[in-house]
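Q: Sequence first, then the predicted structure:
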Amino acid sequence: MKIQVAADLLDGLVLALLNRKDYYGYSLTQDIQKAISISESTMYPVLRRMRRNGYLTTYDQAYQGRNRRYYKITDEGREHLKKVLEMWSNYKESLDKVFFVSSKGDE
């Protein structure tokens with residue numbers, strides 16, 4: 001069984017990685033796949049949407065005779081990441097209360 005990942009959570013994962021370093025698309029997808037199941041065909045529309053929203057920018061860099069498109073987080077992306085982290089913290093806390101409720105029923 002797989003848990004569906006909401007857009008905000010996916011945005012947060014992408015921005016968290018980009019907050020550490022710039023990535024080209026394939027490499028970013030590979031690192032995201034370490035946490036969740038996502039295909040490249042799903043990832044690229046997400047990256048385009050995030051770029052339109054101002055959360056990231058792109059630049060091209062030559063690599064072995066071809067260009068790689070790199071993604072870089074923007075200041076707006078960092079602000080959105082902060083919001084997503086806060087939402088995640090609240091969400092996780094509410095789930096933890098259900099999953100890990102005391103067997104005594106005193107919580």
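A: Thanks, I have the structure now.
Q: so how far is the longest helix along the chain off the chain centroid?
A: Ranked by number of residues, the top helix in the chain under DSSP state H is helix 75-99. The chain centroid and the centroid of helix 75-99 are separated by 12 Å under C-alpha atoms, centre = their mean, to the nearest Å.
Q: just stretch 50-62 next, same as before
A: With C-alpha atoms, centre = their mean, you get 14 Å for stretch 50-62.
Q: In contact with the spatially closest residue to Lys72 that is not a sequence neighbour, which residues?
A: Closest residue to Lys72 apart from its sequence neighbours, by C-beta to C-beta, 6 or more residues apart in numbering: Asp22 at 4.7 Å. Using the backbone N, CA and C atoms, a C-beta is placed for each residue, glycine as well. The contact partners of Asp22, by C-beta atoms under 8 Å, 6 or more residues apart in numbering, come to Tyr70, Tyr71, Lys72.
Q: how about TSV for these, with secondary structure, neighbour count and distance to Asp31 added?
A: Below are the contacts of Asp22 laid out as TSV (DSSP: H, G, I helix; E, B strand; the rest coil; neighbours: other C-beta atoms under 10 Å; distance: C-beta to C-beta, whole Å):
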residue	secondary structure	neighbour count	distance to Asp31
Tyr70	strand	20	14
Tyr71	strand	23	12
Lys72	strand	13	15
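Q: Among these, which one sits closest to Arg49?
A: Tyr71 (12.2 Å; C-beta to C-beta).
Q: contacting residues for that closest one?
A: Tyr71 is in contact with Leu18, Asp22, Tyr23, Tyr24, Gly25, Leu28, Leu47, Arg51, Leu56, Thr57, Thr58, counting by C-beta under 8 Å, 6+ apart.
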